[in-house]
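> Predicted model follows, preceded by the sequence.
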Amino acid sequence: MQELNASLIKAKATATEPEQLHDTPIAITVAGTFSQPTYTLDVAALLTEKNKAKIEQFVEKNQEKIDKIVDKIDKKLGPGVGDLLKGFLKKY
């Protein structure tokens with residue numbers, strides 16, 4: 001399975017201007033064989049990329065609350081579980 005990132009063209013290239021692309025990349029997962037490939041749109045990646053700035057802003061604004069929740073998770077489920085959540089949130 002391979003992932004292909006594409007962008008939609010907003011405006012074609014001219015002699016004086018390069019082509020303009022939309023801001024949101026489109027993630028397409030390609031699987032199967034060469035004779036019978038399958039293509040699926042990675043909607044989760046699309047939504048994540050589109051909302052990345054909003055997610056980062058939310059995490060920064062609520063960092064104190066997130067830290068408290070991570071501490072509670074570590075106390076109830078055991079140390080290290082909260083680190084998984086922190087790692088997930090740092091991706092964004």
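Perfect, I can see it now.
> where's the closest residue to residue 41 other than its chain neighbours relative to residue 71, distance?
Spatially, and ignoring its direct neighbours in sequence, residue 41 is nearest to residue 28 (6.0 Å; Cβ to Cβ, 6 or more residues apart in numbering). Quick note: C-beta positions are derived from backbone N, CA and C, even for glycine. Relative to residue 71, residue 28 is positioned 39 Å away (criterion: Cβ to Cβ, to the nearest Å).
> Show me which of these two is the more surrounded one.
Neighbours were tallied for residue 28 and for residue 71 using other Cβ atoms under 10 Å; the higher tally belongs to residue 28 (16 against 11).
> Might you report the residue contacts of the more buried one?
Residue 28 is in contact with 3-6, 39-42, counting by Cβ atoms under 8 Å, 6 or more residues apart in numbering.
> likewise residue 27?
Applying Cβ under 8 Å, 6+ apart to residue 27 gives the contacts 3-5, 41-42, 45-46, 49.
> I'd guessed residue 4 sits against residue 37; true?
No. Between residue 4 and residue 37 there is no contact, the gap being 10.8 Å when judged by Cβ atoms under 8 Å.
> shared neighbours of those two, which are they?
Counting by Cβ under 8 Å, 6+ apart, the shared contacts of residue 4 and residue 37 are residue 30.
> for this structure, what's the longest strand?
For the chain, the longest strand by residue count, based on DSSP state E, is strand 26-32.
> in stretch 26-40, what's buried?
Along stretch 26-40, these residues count as buried under the neighbour rule (16 or more other Cβ atoms under 10 Å): 27-28.
> Helices along the chain, start to end?
Counting by DSSP state H, the chain forms helices over residues 43-50, 52-61, 63-77, 81-90, given from the N-terminal end onward.
> Please determine how far residue 62 is located from residue 44.
Residue 62 is 22 Å from residue 44, by Cβ to Cβ.
> between those two, which one's more packed in?
For residue 62 versus residue 44, neighbours defined as other Cβ under 10 Å are more numerous around residue 62 (13 against 9).
> what about the more buried one, distance to residue 71?
Taken as Cβ to Cβ, the span from residue 62 to residue 71 is 14 Å.
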